[in-house]
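Peer 1: Just the structure for this:
(chains A, B, C and D)
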2 protein chains.
Amino acid sequence: MSSLSKQIEEYIKALLEQESGGVLEIQRNILSEYFHCVPSQINYVLSTRFTPVQGYLVETRRGGGGFVRIVSLQLDEDDDIQDALTDAVGDMLTQKDSEGLTAYLYQQGIISQREMLLLNGILKDRVLTGMEKGQRDSVRASMVQHLLAMLNMMRHT
Amino acid sequence: MSSLSKQIEEYIKALLEQESGGVLEIQRNILSEYFHCVPSQINYVLSTRFTPVQGYLVETRRGGGGFVRIVSLQLDEDDDIQDALTDAVGDMLTQKDSEGLTAYLYQQGIISQREMLLLNGILKDRVLTGMEKGQRDSVRASMVQHLLAMLNMMRHT
DNA sequence: GCCATCTTTGACTTTCCCTGACCTTGATGT
DNA sequence: ACATCAAGGTCAGGGAAAGTCAAAGATGGC
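Peer 2: Residues are numbered from 1 along each chain as shown, chains lettered A, B, ... in the order given. The predicted structure is shown next:
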C-alpha cells in the first residue's frame, strides 16, 4: 500500500518527464482534487520530496491565476555541485563554512571571483540580522542549497 | 493566463521603451479603456510595479488635461548606487520589490543576468524560511543594502 | 507493544488581483 | 470669483489562489 504522498510524488514526476524543459506548472487545487485530498497535502509532498537537495526547485504564486512551478534539475552523480549539495551543506551552515564553500566554487571555476565576493557579503552573520545563531545558520543553509541548485541548472543550459 | 496587471505592466514598459527619453506621459482613462478595466486598476499596477526601488518614478496631475507620467530612472556612470537606492530599499523589502530591484540593476548594467538570477534565487520568500514575514522583509533589506554597498565599491575600483 | 517518524487533515492566514463607490484637484468659461 | 467639467486618488471589500501549523492517525523497527 503505497502512501498517498508517494503516489502524488510519482504523478508529479511523471508529469515532469513529459515536459521537455523539465519545468512543470500546475495548480495546487487541481492536484489535490485529482487525488481527493486536502490542498495542504500537496505542500507536504513538495516540501518533503521536491527540495533542492533532491534535485528540484519549487516556485509558487498565490492569488488569482496562482500556480506551483516545479523545476527538475538534471544532476549527474559525480559533479562538484551535487557533491556540495548532498555532503557539504546540511541544514545548518556557519558563515565560515559558507565562505569555505564559495572559495571552493571559485577555485573550481564554477563561480567568478566577483560572485564569490557578493555572495560572501550577503551571507555574513552581520547581514543576517535579528535572529538566533541557529536560525541564521539554517537560513544560510537554505540559501546556499538554492544557490547550488541554480548553479547546477545554469551549468546545464 | 497572465493576469491583467501583468499585461498592463508589459504594455506600459513597451511604451516606455519606445520613448527615447525614458519618459512616458499617458492618460489613466485611455489605458483603462484600452484594457476594459476600471481606472483604479491602473493605480494598482503603478503602485505595485513602478516604484522607485524598481527604478521608476510616477508623477500625475489631476483635472482637465491631467496625465500620468512614468519616468524610467537612469543611473549615470558616476552616480553613487547607494545614494540612489538606499532610501528606496529602506529597512523592509518584499520579494517582489527585490526582484524589481535586481531587474533594474541588470537593466542598468550594474549586474549580469546571471547575477540577477542567482540573487533572485536566494532572496525568495521560500528560501528565507522559518521566520515571520516582517523579519523576512527586514533580513532581505539588510542583504540588499549590503549588496548595494558592495556593488558601489566594486564599481569604482 | 512502544516509540519514533512519517502522513493526513482541516482550521485559519496571507498574498495577489480586481472592482466600485466616493473624494480631491485642476482647467476653463462666464 | 464661481460653477462646471474633466481628470486622477483612495480605500474597503471580495474572490481566488497558495501557505502555515498543530493535532490526530498510521506505520515500521526493535
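Peer 1: And the top helix by length along chain A, what's buried?
Peer 2: Secondary structure of chain A per DSSP state H: the longest helix is helix A:133-155. Across helix A:133-155, burial judged by 16 or more other C-beta atoms under 10 Å in any protein chain shown covers A:135-153. The way it works is simple: take the backbone N, C-alpha and C, and place the C-beta from them, glycine included.
Peer 1: can you pull the buried residues of the helix or strand of chain A with the lowest mean pLDDT?
Peer 2: When each helix and strand of chain A is scored by mean pLDDT, DSSP states H and E, helix A:80-83 comes last, with a mean of 79. Counting neighbours by 16+ other C-beta under 10 Å, one finds that the buried residues in helix A:80-83 are A:D80, A:I81, A:Q82.
Peer 1: which residue ranges form the strands in chain A?
Peer 2: A:23-26, A:56-61, A:67-72 (DSSP state E).
Peer 1: ok so, going back, go ahead and measure how far the longest helix of chain A is from the middle of the chain.
Peer 2: 8 Å (C-alpha atoms, centre = their mean, to the nearest Å).
Peer 1: So what angle separates the directions of it and strand A:67-72?
Peer 2: 70 degrees (axes from the mean of the first three to the mean of the last three C-alpha atoms, to 10 degrees).
Peer 1: Helix A:133-155 versus strand A:56-61: what angle between them?
Peer 2: 100 degrees.
Peer 1: which one is the most centrally placed residue in chain A nearest to, not counting chain neighbours?
Peer 2: Nearest to the mean C-alpha position of chain A, by C-alpha atoms, centre = their mean, lies A:P52 at 2.6 Å. Nearest in space to A:P52, with sequence neighbours left out and distances taken as C-beta to C-beta, 6 or more residues apart in numbering or on different chains, is A:A149 at 3.8 Å.
Peer 1: how about that neighbour, what does it touch?
Peer 2: A:P52, A:G55, A:Y56, A:L57, A:L73, A:L85, B:G121 (C-beta atoms under 8 Å, 6 or more residues apart in numbering or on different chains).
Peer 1: Narrow those to those in helices?
Peer 2: Checked against DSSP H, the contacts of A:A149 include these in helices: B:G121.
Peer 1: In the contacts of A:A149, which has the lowest confidence score?
Peer 2: The member of those with the lowest pLDDT is A:L85, at 73.
Peer 1: ok, back up a step: okay, the buried residues of helix A:80-83 in a markdown table with distance to chain B next?
Peer 2: Below are the buried residues of helix A:80-83 laid out as a markdown table (distance: C-beta to the nearest C-beta, whole Å):
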| residue | distance to chain B |
| --- | --- |
| A:D80 | 17 |
| A:I81 | 13 |
| A:Q82 | 17 |
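Peer 1: out of the strands of chain A, nearest to chain B?
Peer 2: Chain B sits nearest to strand A:56-61 of all the strands of chain A, at 6.9 Å, using C-beta to the nearest C-beta.
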